[in-house]
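1. Attaching a predicted model along with its sequence, questions to come.
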Amino acid sequence: MAALEFAIGELIMGAAFIMLSGIFDVLDGAVARASGNITPFGGVLDSVCDRYADAIIFAGIIYGSVNGSIHQATLLQAPLWLWCVLALIGSYMVSYTRARAEAAGSTSMNVGVAERSERLIILILGAITGYILIAVAIIAVLAHFTLVQRIWNAKQTL
């Protein structure tokens, strides 16, 4: 729903749906813990669903940018859709680096200035204030910075 709202240029509603999805994302884990139904597969499924949600949200912003529903200038000569692509790549690489380092034996990969929750908060604030381009650009930069932090941490722990 957030992606659809962004696609038609409804930034505040897009932000509201991201917040709503965040509530459900927290609740599903809490319900699993409370009911004693935590499984390794549940953790995998949760992570996969989070990646899909991130991609769909950025796809909605890209669509809104390309079709003119979201009216934004450029930042450093790059349009909103390009910043979204950079943010999406950075977001996925942050997640991949953690998974790959943990699979190699690293035990402490919860590092970095822009984990998923921070990236979503920045996106929500950008949508609510109308500064979606700046928010996405910040996410892109911070995600790649977080990626470097995680690579450095993996080097130190492995």
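-> Nice, thanks for sending it over.

2. Okay, buried residues for the helix or strand hosting I128 please.
-> Secondary structure from DSSP states H and E places I128 in helix 116-129. When neighbours are counted by 16 or more other CB atoms under 10 Å, the buried residues of helix 116-129 are found to be 116, 119-124, 126-128. All C-beta spots, glycine's among them, are computed from the backbone N, C-alpha and C.

3. The protein: helices as residue ranges?
-> According to DSSP state H, the chain carries its helices in the segments 2-7, 11-35, 40-66, 80-103, 116-129, 132-157.

4. Need the ones you listed in TSV (columns: distance to M109).
-> Written out in TSV, the entries for the helices of the chain read as follows (distance: least, CB to CB, whole Å):
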stretch	distance to M109
helix 2-7	27
helix 11-35	18
helix 40-66	13
helix 80-103	4
helix 116-129	13
helix 132-157	6
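
5. Which one of the ones you listed lies nearest to N110?
-> helix 80-103 (7.8 Å; CB to CB).

6. export the helix holding I128 as CSV, just CAs?
-> What follows is the C-alpha trace of helix 116-129 in CSV, where atoms were taken according to Å, rounded to 0.1, in the frame of the first residue of the first chain:
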residue,chain,number,x,y,z
ARG,A,116,16.7,-1.1,8.2
SER,A,117,14.8,0.7,11.0
GLU,A,118,16.8,3.8,10.6
ARG,A,119,16.4,3.8,6.9
LEU,A,120,12.7,3.5,7.2
ILE,A,121,12.5,6.3,9.7
ILE,A,122,14.4,8.6,7.4
LEU,A,123,12.1,7.6,4.5
ILE,A,124,9.0,8.3,6.7
LEU,A,125,10.3,11.7,7.8
GLY,A,126,11.2,12.6,4.2
ALA,A,127,7.7,11.7,3.0
ILE,A,128,5.9,13.5,5.7
THR,A,129,7.9,16.7,5.3
